[in-house]
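S.K.: here are the coordinates; sequence isn't available:
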């Protein structure tokens, strides 16, 4: 059996990474989605075990002590996110490739662990102002929360050099197409081919 590979999609909050991940999951790429763990409360129709593993702060802390996380971060004060090692094991046992939807710090940490076995993709907003507009339109955060996300995004843009591919999500259709092309090439070839590949509109 061909050994599974890992594709990491990371971005500042509001840049569109989850939309791109959902698109990749609709394709015939043999992906299993790595469900992240978090201590935040569910939003809307989010389900435990499908969208996230919603854990208490105590449970999350116990899992850190037991070395159950591939990576974890305190993304906002008192709000933790992490990737359970058991998720990667579960997906590989199913004979699938692993697809991650994680924040920038988490994505860079996973890339460090798996090296060329993983493709790390950074989804970049066209500008900070456009990112702010998208967060306001999403209406899931307070103005104070949006200010915090913008400040974090400005810091995260300094991390792009740690990723294999940067996709600027200006026009969603183009971003989806480029993500699909890069990921297919990675799964079929090797990571150096993906890094050297240029689309006509790149």
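M.R.: Perfect, I can see it now. Keep in mind that what you see is a predicted model, and the values were worked out from it rather than measured.

S.K.: Does the longest helix belonging to the chain pack against any helices or strands, and if so which?
M.R.: Criterion DSSP state H: the longest helix present in the chain is helix 172-188. Counting contacts by 3 or more CB pairs under 8 Å, 6 or more residues apart in numbering; DSSP states H and E, helix 172-188 packs against strand 6-10, helix 17-25, strand 118-124, strand 165-168, helix 191-196. No exception for glycine: its C-beta is placed from N, CA and C like everyone else's.

S.K.: And for residue 6, the neighbour number?
M.R.: The tally of other residues near residue 6 (other CB atoms under 10 Å) stands at 22.

S.K.: these two touch, right, it and residue 119?
M.R.: Yes. Contact criterion CB atoms under 8 Å: residue 6 and residue 119 qualify, at 7.3 Å.

S.K.: Which parts of the chain are helices?
M.R.: Along the chain, counting by DSSP H, helices occupy 17-25, 57-65, 85-93, 104-114, 128-138, 143-156, 172-188, 191-196.

S.K.: Which one, of those helices, ends up nearest to residue 46?
M.R.: helix 17-25 (11.5 Å; CB to CB).

S.K.: Not counting the closest one itself, show me its contacts.
M.R.: 7, 9-11, 31, 33, 99, 101, 123, 167, 169, 172, 175-176, 179-180, 183 (CB atoms under 8 Å, 6 or more residues apart in numbering).

S.K.: Apply 6 Å and report the result again.
M.R.: Applying CB atoms under 6 Å, 6 or more residues apart in numbering, the contact partners of helix 17-25 are 9, 11, 31, 101, 123, 176, 179.
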